[in-house]
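> this is the structure alone, sequence omitted:
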């Protein structure tokens, strides 16, 4: 995580991205993201796209900042 965050030079923005990573980890630890997990809350249908969008946006940002996202 620290290595990925190291690609973000702006400290205040890096702190926001780190908070987002922590928040998404908490979501993953609380909700049933994988179908085989038991004892966790299912993600409500109306929240699935929202959570997926947050995850995808974070991944795209980190790939872009680390130079691993090919641009067309």
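Perfect, thanks for sending it. Just so it is clear, the structure is predicted and the values come from calculations on it, not from any experiment. Numbers count the residues shown, from 1 in each chain.
> check which helix or strand the residue minimising distance to the centre of the chain maps to.
Nearest to the mean C-alpha position of the chain, by C-alpha atoms, centre = their mean, lies residue 55 at 3.7 Å. Assigned by DSSP states H and E, residue 55 belongs to helix 45-65.
> can you check the pLDDT for the closest residue to the residue nearest to the centre of the chain other than its chain neighbours?
Spatial nearest neighbour of residue 55, chain neighbours left out: residue 24 (6.0 Å); criterion: C-beta to C-beta, 6 or more residues apart in numbering. (C-beta placed from N, C-alpha, C; glycine too.) Looking at residue 24, its pLDDT stands at 96.
> dump the residue contacts of residue 24.
Residues near residue 24 by C-beta atoms under 8 Å, 6 or more residues apart in numbering: 51, 54, 55, 58.
> what's the helix or strand for it?
Going by DSSP H and E, residue 24 is in helix 11-30.
> any idea how far the residue nearest to residue 18 when sequence neighbours are not counted lies from residue 12?
In this structure, residue 18 finds its nearest non-sequential neighbour in residue 5, 5.7 Å apart by C-beta to C-beta, 6+ apart. Separation of residue 5 from residue 12 (C-beta to C-beta, to the nearest Å) stands at 12 Å.
> more crowded one of those two?
Neighbours per residue, other C-beta atoms under 10 Å: of residue 5 and residue 12, the larger number sits with residue 5, 15 against 7.
> wait, isn't that one in contact with residue 17?
Yes. Between residue 5 and residue 17 there is a contact under C-beta atoms under 8 Å: 6.4 Å.
> so how far is stretch 1-18 off the chain centroid?
Put simply, stretch 1-18 sits 13 Å off its chain's centre (C-alpha atoms, centre = their mean, to the nearest Å).
> what's the helix holding residue 55 in contact with?
With contacts defined as C-beta under 8 Å, 6+ apart, helix 45-65 is touched by 4, 7, 8, 17, 20, 21, 24, 27, 31, 43, 69.
> can you put the contacts of residue 24 in JSON lines and add distance to residue 36 and pLDDT?
Below are the contacts of residue 24 laid out as JSON lines (distance: C-beta to C-beta, whole Å; pLDDT from 0 to 100):
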{"residue": "51", "distance to residue 36": "18", "pLDDT": "96"}
{"residue": "54", "distance to residue 36": "22", "pLDDT": "97"}
{"residue": "55", "distance to residue 36": "19", "pLDDT": "96"}
{"residue": "58", "distance to residue 36": "24", "pLDDT": "97"}
